[in-house]
Every structure is written in structure tokens, then in C-alpha cells.
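# One predicted model, sequence on top.
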Amino acid sequence: MRVAILVEALLNRGGADRVVLIQTLHYDADIYTAAYDGERTYPEFKQLRIHTIVKGNIRGINHLRVRRAFAKLRLSDYDVVIAHNSSCLEAAPHHHPFIWYCHAPSRWSHDLYQDELRKKHALLRVPFAIICQLLRKRDARNITHVDAIATNSHNVKQRLQRYYPVHPIVIYPPIDTSRFKWLGQSDFYLSTARLDPIKRVDLVVESFKHLPDRNVVIVGTGPDEQRLRTLARGHSNIRFTGSVTNEQLARLYGTCLALLTPSYKEDFGMVPLEANSAGKPVIATKDGGYLETVIPGKTGILLEEPLTPDAIIDAITTLTPARARTMRIACEQNAKRYSIERFNKEMDEFIDRVLAPSRPALAPMQKRGPSSVPTSPHPPPLSPSARPRTSTSTMRCRTYQAGSRQGRTRNLRDSPKRTS
């Protein structure tokens with residue numbers, strides 16, 4: 001079975017990029033993307049078949065240009081297409097079966113819309129609002145052509161349903177539990193989030209500026225890196241590593257005391273589970289996907305919003321080395337529930353249902369994570385006029401017209417797979 005994977009860009013070493021990598025290896029798939037930089041994302045991508053559909057300077061690529069490129073895309077020799085971003089849905093009207101593995105609807109035009117609007121200059125706010133409204137209408141239209149949707153968490157499922165009448169299933173992302181193992185306990189805390197304002201690593205820096213006897217290692221790069229380094233200047237207990245290899249990251253996880261991840265409205269959050277896989281607890285925000293993956297008091301500590309450095313300092317003081325060691329077994333057991341094998345199996349079964357014309361494409365709701373997900377405040381949903389006229393809530397798999405591929409579609413379990 002031939003699989004095409006559509007992703008807006010491969011420019012980071014983030015959780016979504018890791019999911020794309022694991023999925024591509026499992027299905028021996030071809031990747032179609034608007035932007036790819038092999039030096040900035042995971043090095044394993046260099047060995048894969050990647051087709052860049054936008055020409056020119058990566059920095060010159062904007063969202064509308066990406067959407068136009070996917071709208072023009074025509075893929076005729078694949079049994080199924082899997083999209084990972086809202087912009088990729090522009091290809092949905094021309095490809096079936098078409099699956100959306102939704103990490104999140106475009107955040108700047110949906111749940112973070114009000115935050116982004118406030119950042120704009122007064123003269124740019126009206127144009128920005130108009131563009132966002134048009135893009136949400138465009139997404140609403142494109143979603144009517146999607147055959148099935150899976151989200152990476154109940155948090156994202158609820159968010160998606162605020163804007164569109166869909167009923168996706170939840171398939172949690174994969175964690176490579178074989179990579180991260182307990183290697184002991186050193187005296188440093190760890191941060192592995194991308195250095196982006198939304199990850200709020202500045203709160204970690206501010207906290208350790210007031211804890212000179214505690215050490216933190218901050219891994220990664222991003223647009224906020226220079227500001228964070230300036231903020232930490234003169235404090236030798238705060239160390240930045242920049243990008244690290246897979247082996248170095250595994251060692252840092254394996255030897256740290258605990259992980260700090262204060263991200264704002266995290267979609268799912270894979271790093272707490274990577275830390276758990278190494279037997280390490282986490283200090284995270286009581287919000288978003290962390291509510292599904294962190295078990296308070298057993299695998300970590302959840303902090304209330306609005307988050308402050310003082311709250312982080314209190315949590316660090318509470319999570320002593322001795323207490324962190326008592327959480328090791330619970331952490332390791334929690335991480336095992338999110339293995340790569342589990343993810344591949346659930347995706348295989350999901351695609352099998354999509355390819356079977358006599359069965360519903362959308363499966364019953366999956367089990368929730370260890371904790372419930374509360375309803376949180378959100379921007380107003382689309383007006384009725386902006387919603388699609390047909391709902392995917394009762395969507396069944398379209399009769400698949402294989403055309404030139406007739407007879408090639410077969411049960412996924414019979415297909416050869418490339419392992420990572």
C-alpha cells in the first residue's frame with residue numbers, strides 16, 4: 001500500500017515532526033511539504049523521500065503561499081493520503097481516501113486568535129481579523145472533503161469541535177520508550193521545549209535566577225533563544241546547550257532530576273512522556289494536553305494558571321531528589337501506554353476502517369488519559385454561515401474509486417513496513 005504524507009513544514013525538532021518521522025518510517029511513505037531543512041529538523045529525514053512543493057527561499061514562504069501549493073497538488077499513485085496541518089487540507093478535494101491527523105487547527109487563527117490579535121499594530125488588526133475569518137471558512141469547506149479525522153488528544157478534539165461539526169477519534173502520539181531510560185539521578189533539572197515564547201521557558205529562567213543553589217539545563221533552539229540567553233546572563237546555574245544529538249538528549253533525560261515544561265495551552269506535549277520513559281517526573285502547567293498525560297502526585301506536579309516563577313520555585317522545592325526517585329516506577333509505567341507500537345497499531349486499524357467501504361470511517365471515542373479534561377474558555381466559534389453545510393459527524397468512508405490503482409489496495413497488515 002502506497003501512502004503519501006502531507007506536512008506544512010519540516011523545520012524543527014518538535015513533537016509533530018517526530019510523529020511525521022515515525023509514521024513515514026512505518027508506512028515507507030512519501031512526504032510532500034512546503035519547506036524542508038535537513039539541518040534544522042531530525043537527521044533521519046535525510047534518508048527519506050521528501051518532495052518540496054514550494055520553490056524559493058524557505059524564509060519567504062508564507063501561509064497563503066503554502067495553501068496555494070497544496071491546493072495545486074495532484075497525487076495519483078497513492079492508496080491513502082495523510083495530512084498533518086490545516087494548510088494541507090487544501091489538497092483534500094482532489095484526493096481520496098484523505099485522512100487528517102490533527103495536531104491542532106491553525107492556532108493563530110483559532111484558539112490563540114485573540115492573543116495574536118492583541119500583538120498586532122492597530123492598523124493591522126482589521127486585515128488580520130478578515131484573513132483569519134476567511135481561512136476558517138476555507139478550512140470549514142476543506143473539512144467536508146476529509147474522509148476521516150484523528151486528533152492527538154482529547155484537548156485538541158474538543159478544540160476542533162468548537163469550530164467545526166466533526167467527530168474525530170483520538171490517537172495519542174507515539175513515544176519512543178526504547179530511547180529514554182533511567183541512567184541515575186544528577187543534580188540538575190531539565191527543559192527540552194523549543195525556545196519559543198509560547199513555551200514560556202522565560203519562566204524557568206526567572207525561577208532559577210532565584211535558586212542559585214539549583215541547576216537547570218535548557219536544551220534546544222528557537223526564535224526566543226537570544227532573549228532567553230540575555231535574561232540568564234550572569235547566572236552560572238542556568239546552562240544552554242543549543243541543539244543536541246539523540247544520544248545526548250537521551251543521556252540528559254536519563255540523568256536529570258526532573259523535567260520542567262510550563263508551555264501555554266499545550267496541544268498534547270510529548271516531552272513529559274519522554275521524561276517519564278526515563279523514570280523522571282515533570283513539573284507542568286495544569287492545562288491543555290498535560291491534563292491527559294501527567295498524573296498529579298504520581299508522575300509529576302501540575303501548576304495552576306496564571307503561572308508565575310514563584311509557583312515553579314515552590315514546585316522545585318517540593319520535588320526533592322528523594323521524592324522524585326519514588327515516582328520512577330509510576331513514570332515508566334505511564335510512558336509505556338504511549339509506545340510507538342501502540343500508535344502504529346491504532347493507525348493501522350484506523351486506516352483499515354477508512355479503506356473498508358462498508359464500515360464507518362470514524363470509530364467510537366477512545367479511552368481518556370489518566371485525568372479528565374475540563375472545558376476551558378475559548379474564542380467564539382464560527383458563525384453558522386461560516387460552517388460547512390454538510391457534517392462529518394455522520395461521515396462514512398466514500399466508495400473508493402481506485403482508478404489506475406484498482407486492485408492495489410489491500411489490508412494494511414499485509415503491507416511491508418520500514419521500521420525505525
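Received it, and whenever you're ready, just let me know what you need. Not measured: the values here are computed from a predicted model.
# Just to be sure, Leu273 is in a strand?
No - the assignment for Leu273, made by DSSP: H, G, I helix; E, B strand; the rest coil, is helix rather than a strand.
# So the closest residue to it other than its chain neighbours versus Arg200, what's the distance?
Distance criterion CB to CB, 6 or more residues apart in numbering; nearest residue to Leu273, sequence neighbours excluded, is Ile175 at 4.5 Å. Heads up, the C-betas are built off the backbone N, CA and C, glycines and all. Counting by CB to CB, to the nearest Å, the gap from Ile175 to Arg200 is 22 Å.
# Name the residue in those two with the higher neighbour count.
Comparing Ile175 with Arg200 by other CB atoms under 10 Å, the one with more neighbours is Ile175, at 28 against 20.
# Got phi/psi on the more buried one?
Dihedral pair for Ile175: phi -120, psi 130, per degrees, to the nearest 10.
# I figured it hits Pro272, correct?
No - judged on CB atoms under 8 Å, Ile175 makes no contact with Pro272 at a distance of 9.6 Å.
# So Ala69 is in contact with Ile53, correct?
Yes - taking contacts as CB under 8 Å, Ala69 lies within contact range of Ile53: 4.7 Å.
# neighbour count winner among these two?
Ala69 (22 against 17).
# residue ranges with poor pLDDT in the stretch 51-200 of the chain?
57-61 (pLDDT under 70).
# How about the stretch 301-420 of the chain?
Ranges of the stretch 301-420 of the chain meeting pLDDT under 70: 357-420.
# Give me the common contacts of Ala69 and Ile53.
Ala34 (CB atoms under 8 Å, 6 or more residues apart in numbering).
# show me where the protein has strands.
In the chain, the segments counted as strands under DSSP state E are 3-10, 30-36, 49-52, 80-83, 98-102, 148-151, 169-170, 188-191, 215-219, 238-242, 258-261, 282-285, 300-303.
# Switch these over to a markdown table; also include distance to Phe350 and mean neighbour count.
Output for those, formatted as a markdown table (distance: least, CB to CB, whole Å; neighbours: other CB atoms under 10 Å):
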| stretch | distance to Phe350 | mean neighbour count |
| --- | --- | --- |
| strand 3-10 | 13 | 24 |
| strand 30-36 | 19 | 22 |
| strand 49-52 | 23 | 14 |
| strand 80-83 | 10 | 26 |
| strand 98-102 | 8 | 26 |
| strand 148-151 | 6 | 25 |
| strand 169-170 | 7 | 20 |
| strand 188-191 | 33 | 23 |
| strand 215-219 | 33 | 21 |
| strand 238-242 | 37 | 16 |
| strand 258-261 | 28 | 25 |
| strand 282-285 | 28 | 27 |
| strand 300-303 | 29 | 22 |
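# hey, where'd the helices end up in this protein?
Secondary structure of the chain, counting by DSSP state H: helices at 15-27, 63-72, 113-119, 122-143, 154-163, 201-209, 225-231, 246-255, 271-277, 290-293, 309-318, 321-326, 328-336, 340-355.
# Gln185: which of those is closest?
Between Gln185 and the helices of the chain, the tightest spacing by CB to CB is seen for helix 321-326, at 6.1 Å.
# outside of the closest one, which residues touch it?
Outside helix 321-326, the residues that reach it (CB under 8 Å, 6+ apart) are 185, 187, 257-258, 280-281.
# any idea how far it is from the chain center?
29 Å (CA atoms, centre = their mean, to the nearest Å).
# for the residue nearest to Val20 when sequence neighbours are not counted, which residues make a bridge with it?
Leaving out its chain neighbours, the residue that sits closest to Val20 by CB to CB, 6+ apart is Val7, at 5.2 Å. In this entry, Val7 is beta-bridged to Thr33, by DSSP bridges.
# so what pLDDT did Val7 get?
pLDDT, the model's per-residue confidence, is 98 for Val7.
# What residues of stretch 192-206 count as buried?
192-196, 198-206 (16 or more other CB atoms under 10 Å).
# Only alpha carbons, please: show that stretch as CSV.
Output of stretch 192-206 as CSV, limited to C-alpha atoms (Å, rounded to 0.1, in the frame of the first residue of the first chain):
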residue,chain,number,x,y,z
THR,A,192,13.7,20.5,26.4
ALA,A,193,11.0,22.7,24.9
ARG,A,194,11.5,24.7,21.7
LEU,A,195,12.7,28.2,22.6
ASP,A,196,9.6,29.9,21.6
PRO,A,197,7.5,32.4,23.6
ILE,A,198,4.5,30.1,23.8
LYS,A,199,6.7,27.5,25.6
ARG,A,200,7.4,30.1,28.4
VAL,A,201,10.9,29.0,29.1
ASP,A,202,11.5,32.5,30.4
LEU,A,203,9.5,31.4,33.5
VAL,A,204,12.1,28.7,34.0
VAL,A,205,15.0,31.1,33.7
GLU,A,206,13.4,33.6,36.1
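# from what I can see Met270 touches Arg13, true?
No - with contact defined as CB under 8 Å, Met270 and Arg13 do not form a contacting pair (11.3 Å).
# higher neighbour count, those two?
Applying other CB under 10 Å to Met270 and Arg13 shows that Met270 carries more neighbours, namely 25 against 21.
# pLDDT score for the residue lying closest to the more buried one once chain neighbours are set aside?
Leaving out its chain neighbours, the residue that sits closest to Met270 by CB to CB, 6+ apart is Gly15, at 4.0 Å. Model confidence at Gly15, given as pLDDT, is 92.
# neighbours around the closest residue to Ala129 other than its chain neighbours, how many?
Spatial nearest neighbour of Ala129, excluding adjacent residues (CB to CB, 6+ apart): Leu117 at 6.6 Å. Neighbour count of Leu117, defined by other CB under 10 Å: 16.
# what do you get for Leu228?
Quick note: Leu228 (other CB under 10 Å) scores 20 neighbours.
# Let me see the contact set for Pro105.
Contacts for Pro105 (CB under 8 Å, 6+ apart) come out as 86, 111, 139, 159-160, 163-164.
# In PyMOL, how would I select the buried members of the residues you listed?
For the buried members of the contacts of Pro105, the matching PyMOL selection, counting by 16+ other CB under 10 Å, is:
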select buried, resi 86+111+139+159+160+163+164
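# which residues does the residue nearest to Met270 contact?
Contacts of Gly15 (CB under 8 Å, 6+ apart): 103, 173, 268-271.
# In PyMOL, how would I select the buried members of those?
Here is the PyMOL command that selects the buried residues among these (16+ other CB under 10 Å):
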select buried, resi 103+173+268+269+270+271
